[in-house]
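> just to be clear, the model below is a prediction. Sequence and coordinates:
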Amino acid sequence: MFFITLVSLNVIVMMDLAIVPVIGSIYEAFSEQTGAVNVFLSIPAIIAMFSFLTPFIVKLTGKKNLIIICAALYAASTIFGAAIENIYYMIVVRFVAGLAYGLVNVLYVMIIADVFVDETKRTSFMGIYMGLQAGIGSLMSFFSGILAQRGWRNSYHLFWISIPVLILCIFFLPSDKETAAANPAAAAPAEIVDKKSKSKGSYGGRFIELMGILLIMQILYYVCFQFVSVYVEENALGTTALTGIVSSGQTIASAILCFTIGIVYRKFKAKTGSLLLLLFAAGMLLMYFVRTPGTAIAGAAMMGGAYGAFFAWLLAYLPNIVAAEKVEMAISVATTVCFVGMFLTPYLVQPLITVLGGVSPIYLYGGIISTVMVVLEFMASFKSKVKA
């Protein structure tokens, strides 16, 4: 039941995918308050940028207690998220849901790091978990769209599934003491010793390098994720139907690569990151140099799959490259970096589209930058000594 309980937290992590199908309807319902709708949509990501504070809160509450609190807040704020058709009311309750969303995004990774001490098992489980995450997000979007056929507010009925999530967390999530007792090796030294790591209590140069790569990769991926409709339209590749196929392909590819990341990691270890970056760069360059419906689907799938698997690998890899007492904060920082990238993307991309004359040239420059990151990450991976 532990596995089912942990997977059920994806209902919180994938919260926004239940809203995506009705975003247009919400804008129509509040057509004279578009600024407020923008705040409504972006507020979870803004709040989640402060998820690096999670370890400090955990010290006061414990992981299990905090997850239960988050699940309860999430259930209450989402089930009644559109109880009143007022955008300011909806912003307030979405703020509460955003708090739960930001904290749980860090907490589930902390628990996985606690339970799975072995690096290979941890990477495999993280990949499976994030693969299921993509699947659950797709199902939430699908059923939300069906419910919304009788009115956009009906899509919020989907959030009643958060009640079983809360119940599972209360009864089947192990307490912090149980986790510590079952895994005394959790406090053992990391299996990978990075030559750039500093003394005990520090993060080390390898961590800083990976956070820089993650931020750039996050922004480049969201160029495709958020602006794929612009790419399809400016290249006259098809209609919104193709846009939907391209978006779905990203999710499916992410799930497939996440499911297999454990196998890849067993063979390539620290070099896994550079291989995924290579796939990502290839996807970007393919979408620039060959602009057809087929290459749009393939390139976006390569980017989506590489991004999802890279993030799964990174979260599992972090406990091996930072001091043991810094693992929780390192996970929090990585999660925060992702949300910062999500937040920055529209503000960076819109001016670039104006300057470059479209979104397509971004794929060329993004591909070049990604290729440079491949080389840097490949070189950095050789500086990590992996125990046999």
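Yep, it's here. Numbering: from 1, shown residues only.

> what's the local residue count around residue 15?
For residue 15, the neighbour count with other Cβ atoms under 10 Å is 24. Every residue, glycine included, has its C-beta placed from N, CA and C.

> what separation do you get for the closest residue to it other than its chain neighbours and residue 70?
Excluding the flanking residues, the one nearest residue 15 by Cβ to Cβ, 6 or more residues apart in numbering is residue 101, at 5.3 Å. Distance, residue 101 to residue 70, using Cβ to Cβ, to the nearest Å: 8 Å.

> past whichever strand or helix holds the residue nearest to residue 15, which element shows up next along the chain?
Taking DSSP states H and E as the criterion, the element that holds residue 101 is helix 87-115. Downstream of helix 87-115, the first helix or strand assigned by DSSP H and E is helix 119-147.

> output the contacting helices and strands for that following helix.
helix 2-8, helix 10-13, helix 87-115, helix 240-268, helix 293-317 (3 or more Cβ pairs under 8 Å, 6 or more residues apart in numbering; DSSP states H and E).

> chain center to it, what's the gap?
Taking Cα atoms, centre = their mean, to the nearest Å, one finds helix 119-147 lying 10 Å from the centre of the chain it belongs to.

> C-alpha coordinates for whichever helix or strand comes after it, PDB please?
Next in sequence after helix 119-147, counting helices and strands by DSSP H and E, comes helix 162-172. Coordinates of each C-alpha in helix 162-172 appear next as PDB, following Å, rounded to 0.1, in the frame of the first residue of the first chain:
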ATOM      1  CA  SER A 162      -8.300  13.900  -3.300                       C
ATOM      2  CA  ILE A 163     -10.300  12.400  -0.400                       C
ATOM      3  CA  PRO A 164      -9.000   8.900  -1.000                       C
ATOM      4  CA  VAL A 165      -5.500  10.400  -1.300                       C
ATOM      5  CA  LEU A 166      -5.900  11.900   2.100                       C
ATOM      6  CA  ILE A 167      -7.100   8.600   3.600                       C
ATOM      7  CA  LEU A 168      -4.300   6.700   2.100                       C
ATOM      8  CA  CYS A 169      -1.700   9.200   3.500                       C
ATOM      9  CA  ILE A 170      -3.200   8.900   7.000                       C
ATOM     10  CA  PHE A 171      -3.200   5.100   7.200                       C
ATOM     11  CA  PHE A 172      -0.500   3.800   4.900                       C
END
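
> buried sites along helix 162-172?
162, 165-166, 168-169 (16 or more other Cβ atoms under 10 Å).

> who's in contact with that helix?
By Cβ atoms under 8 Å, 6 or more residues apart in numbering, the residues outside helix 162-172 that reach it are 1-2, 4-5, 8-9, 11-12, 64, 67-68, 71-72, 74-75, 78-79.

> redo that, cut-off 10 Å
Residues outside helix 162-172 that contact it (Cβ atoms under 10 Å, 6 or more residues apart in numbering) are 1-12, 15, 64-65, 67-79, 97, 100, 104, 159.

> just the buried residues of these.
5-12, 15, 64, 67-79, 97, 100, 104, 159.

> what's the local residue count around the residue nearest to residue 47 when sequence neighbours are not counted?
Leaving aside its sequence neighbours, residue 47 sits nearest to residue 98 (Cβ to Cβ, 6+ apart; 4.0 Å). By other Cβ under 10 Å, the residues close to residue 98 number 23.

> give me the domain ranges for the chain.
Domain ranges of the chain: 2-187, 192-386, per automatic domain parsing.

> got JSON lines for these, with mean pLDDT too?
What follows is those, written out as JSON lines (pLDDT from 0 to 100):
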{"stretch": "domain 2-187", "mean pLDDT": "90"}
{"stretch": "domain 192-386", "mean pLDDT": "88"}
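
> my read: residue 156 touches residue 81, true?
Yes: shown here, residue 156 and residue 81 form a contact pair, counting by Cβ atoms under 10 Å, at 5.1 Å.

> give me the common contacts of those two.
18-19, 90.

> export the residues you listed as CSV, with columns for neighbour count and distance to residue 204.
Conversion of the shared contacts of residue 156 and residue 81 to CSV gives the following (neighbours: other Cβ atoms under 10 Å; distance: Cβ to Cβ, whole Å):
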residue, neighbour count, distance to residue 204
18, 26, 38
19, 22, 38
90, 25, 43
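
> which of those sits closest to residue 367?
Ranked by distance to residue 367 (Cβ to Cβ), the shared contacts of residue 156 and residue 81 are led by residue 19 at 31.3 Å.

> who touches the closest one in this structure?
Counting by Cβ under 10 Å, 6+ apart, residue 19 makes contact with 26, 40-41, 44, 78, 81, 94, 140-141, 144, 152, 155-156, 158.

> thanks again, I'm all set now.
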